[in-house]
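K.L.:
Sharing a sequence plus its predicted fold:
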Amino acid sequence: MLNKKDNSGIRTVGRRKTASARVLLTLGEGKIIINGKDLPAYFPLILWQEKVTAPLRVVGKEKTMDISVKVAGGGVSAQAEAVRHGIARALIKWNEEFKKALKAEGFLTRDPRAKERKKFGLHKARRGHQWRKR
């Protein structure tokens, strides 16, 4: 459990594709800071903001947790999912009882899908060359 006086908080890591998010969860009034910016400033689309706050909504802790995140790599959508994964892991560390609800929503599973590597002799991972008669 977290104490209000204890500033250490809970640290976890969330990942998606090549994006990696380091999450620090502390008790507070519901502020989410990502790379030094507020949530709406870093993720301007509502969809991305909802992805990030989804684990907090599921367990009903949107207004009682402060979250600080350092995220790098990948695209913006992958970063949002990496942050969501890290927040879900931190909530589990904070209270084991949240595990059932978060697992049912699929927030604890690291999405293994990643870009397939390009093979030699092909244009892309699977796209072959185009046949020409002349």
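P.N.:
Cool, got the structure.
K.L.:
And what about residue 132, helix, strand or coil?
P.N.:
Here residue 132 is recorded as coil under DSSP: H, G, I helix; E, B strand; the rest coil.
K.L.:
so who does it touch?
P.N.:
Neighbour list for residue 132: empty [criterion: Cβ atoms under 8 Å, 6 or more residues apart in numbering]. For every residue, glycine as well, the C-beta is placed using N, CA and C.
K.L.:
what sits against the closest residue to residue 51 other than its chain neighbours?
P.N.:
Residue nearest to residue 51 in three dimensions, not counting chain neighbours: residue 80, with 4.5 Å by Cβ to Cβ, 6 or more residues apart in numbering. Residues in contact with residue 80 (Cβ under 8 Å, 6+ apart) are 43, 48, 51-52.
K.L.:
Which of the residues you listed fall in helices?
P.N.:
Those of those mapping onto helices are 48, 51-52, per DSSP state H.
K.L.:
Tabulate those residues in a markdown table, adding columns for distance to residue 118.
P.N.:
Formatted as a markdown table, the ones in helices among the contacts of residue 80 follow (distance: Cβ to Cβ, whole Å):
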| residue | distance to residue 118 |
| --- | --- |
| 48 | 29 |
| 51 | 29 |
| 52 | 32 |
